[in-house]
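Student: Here is my input; please provide its structure:
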Amino acid sequence: MATLKIRDINKALLKKGFFSQESDHTFFYLFVNGQKTSIWTKYSHGEKEIGNPLIAQMASQTKLEKDQFMDLIRCPLSKEKY
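Tutor: Numbers count the residues shown, from 1 in each chain. Below is the predicted model:
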């Protein structure tokens, strides 16, 4: 079972052009050339790690396959390739 640490997700998404917004959840929105895109994802406050179901959901929200999302977070998938 794959897991990702929330701090790793935050760091990777911010590095790849996402901006975070706190609300009832932590939301991340992708900006390209200063323009907000339709790509976003979120997780609940208080999470320390996420497992397969939420990884799959976040991958879908970011329009990626699960393996691609894992690469986005673990850094083999660069901002430019994304």
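
Student: what's the strand ranked longest in the chain packed up against?
Tutor: Ranked by residue count under DSSP state E, the longest strand found in the chain is strand 35-44. For strand 35-44, the elements it packs on are helix 6-15, strand 25-32, helix 52-61, judged by 3 or more CB pairs under 8 Å, 6 or more residues apart in numbering; DSSP states H and E. Using the backbone N, CA and C atoms, a C-beta is placed for each residue, glycine as well.

Student: 6 Å instead, please
Tutor: Here strand 35-44 touches strand 25-32, going by 3 or more CB pairs under 6 Å, 6 or more residues apart in numbering; DSSP states H and E.

Student: Give me the residues contacting the strand it packs on.
Tutor: Contacts with strand 25-32, where a contact means CB atoms under 6 Å, 6 or more residues apart in numbering, come from 13, 17-21, 36-37, 39-44.

Student: Turn the residues you listed into TSV, including pLDDT, neighbour count and distance to residue 79.
Tutor: Below are the contacts of strand 25-32 laid out as TSV (pLDDT from 0 to 100; neighbours: other CB atoms under 10 Å; distance: CB to CB, whole Å):
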residue	pLDDT	neighbour count	distance to residue 79
13	96	21	10
17	93	17	5
18	96	23	10
19	96	13	13
20	96	12	16
21	95	12	19
36	95	11	16
37	95	13	13
39	96	17	12
40	96	17	16
41	96	23	15
42	95	17	20
43	92	18	20
44	90	11	26
